[in-house]
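> Give me a 3D structure for the following:
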Amino acid sequence: MPVFDHPEFDHHQQIVFGSDEASGLRAIIAIHDTRRGPSLGGLRIFPYASEADALTDVLRLSRGMTYKSALADLPLGGGKAVIIADPRRDKTPELLRAMGRLVDSLGGRYITAEDSGTSEADMRIIHEATDHVSGLGRRPGESGDPSPYTAHGVFCALNSAVRHGLKREHLQGLRVAVQGVGHVGEYLARQLHAAGAQLVLTDINRDALGALAEELGAETCAPEAIFDADVDVFAPCAMGAVLTPAVVDRLKASVVCGAANNQLATPAVAEQLHARGILYAPDYVANAGGVIEVEWQRRGDYARDAVMAHVERIADTLDEIFVRAIAEQTSPAVIADQLARERLDG
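Below you'll find the model as predicted:
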């Protein structure tokens, strides 16, 4: 399996493949950049179809974490970890402890946290084998689960995108399609509902979808139909690579802003969105609220008001990106990458 010639390889500093026969662990850790500080990124457990798919995901996600931390003004680099497994069937304490030992072997260059397929409880088991774990909520007032902060950051980002893309100063009556109502998507849907938005929701978990839709008075649709919803904003909050050329052709929304990582199937999709007049909020900017909160947990002066103020600065960063993108007549994704590299090189 090629690494250095992989299309998603971006001068990553270190890539570690780990296995443990007793627990069945098969994992990859990618450290992209540590110039601003240790690489921090969540641990994803997913039944990838192949090792090549897992490598592609971890390379893209780790680079995104570098850019995310740079644009969120955090003293962190970017890293990510994946375990090739079904979290509902294969996740055991033994597997998690083995993963903890693999993380620990890197001596603090990579700090793990929860992500898709993992939870705060899982992080506590991993913590039995390594100190290099974040998001545990160690002190009073902290939240171990960063999902509410991720959702709030996306909500702030969405407000910025609506101002720039739709020339609206409020969300009252705005139609928003939320793809995925897991931890982050549910919190986001509740905030949007409270702000007066009309929601169209979808999720593969039909029970969770039905309960939330009934509570919020939202419409629902089948997962595949969400791309055709007649809405102002499309908010992808499930897995990545959802924005394919075919999907972009179908979108009726004028703004795309959601919580999912790596929303673009390929970089060229950003230009396709731009050509269609759809304003795209770069995912690693919009969804930085969770890593902001996790980094504050590592500090000795945790204060919820300060954390929330930091998360809400996501809107300011996006304001700058959108203004530059409009002035240069290009995609916000291009400007976000440029701005992140400026901060890394500065």
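> so the residue of the chain most remote from its centre, which of the three states?
Distance from the centre of the chain peaks at residue 22, with 31.4 Å (CA atoms, centre = their mean). With DSSP: H, G, I helix; E, B strand; the rest coil as the basis, residue 22 sits in coil.
> State the distance from it to residue 225.
To residue 225, residue 22 is 44 Å away according to CB to CB, to the nearest Å. For glycine as for every other residue, the C-beta is placed from the backbone atoms N, C-alpha and C.
> With residue 255 instead?
Residue 255 is 19 Å from residue 225, by CB to CB.
> Between those two, which has more neighbouring residues?
Neighbour count, other CB atoms under 10 Å: between residue 255 and residue 225, residue 255 has more, with 25 against 13.
> got the buried residues for the helix or strand harbouring residue 306?
According to DSSP states H and E, residue 306 maps onto helix 304-312. For helix 304-312, the buried set under the neighbour-count rule, 16 or more other CB atoms under 10 Å, comprises 307, 308, 310, 311, 312.
> which residues are contacting that helix?
Contacts with helix 304-312, where a contact means CB atoms under 8 Å, 6 or more residues apart in numbering, come from 72, 141, 149, 152, 153, 156, 288, 289, 292, 293, 296.
> Quick check: which ranges of the stretch 1-150 of the chain have low pLDDT?
Low-confidence segments of the stretch 1-150 of the chain, defined by pLDDT under 70: 137-144.
> ranges for the strands of this protein?
Listed in chain order, the strands of the chain (DSSP state E) span 14-20, 25-33, 39-46, 77-84, 110-114, 175-179, 198-202, 219-220, 233-236, 255-256, 279-280.
> Please indicate which of the contacts of helix 304-312 are buried?
The neighbour count (16+ other CB under 10 Å) marks 72, 149, 152, 153, 156, 288, 289, 292, 293, 296 as buried among those.
> Between which two of those is the distance greatest?
Greatest spacing in these, by CB to CB: 156 and 296 (16.4 Å).
> Identify the residues contacting residue 205.
Residue 205 makes contact with 181, 182 under the criterion CB under 8 Å, 6+ apart.
> Let me fix that, I meant to ask about residue 214.
Contacts of residue 214 by CB under 8 Å, 6+ apart: none found.
> ok, it to residue 188 distance?
Computed with CB to CB, the distance linking residue 214 and residue 188 is 18 Å.
> now for the strands of the chain, which one comes closest to residue 55?
strand 25-33 (6.1 Å).
> Skip the chain neighbours and tell me the closest residue to residue 302.
Sequence neighbours aside, residue 296 is the residue nearest to residue 302 in space, at 5.4 Å (criterion: CB to CB, 6 or more residues apart in numbering).
> does the one you found really touch residue 149, like I thought?
No. Judged on CB atoms under 8 Å, residue 296 makes no contact with residue 149 at a distance of 9.2 Å.
> For the stretch 1-150 of the chain, which segments are assigned as helices?
51-71, 93-104, 120-126, 147-166 (DSSP state H, counting those that start in this stretch).
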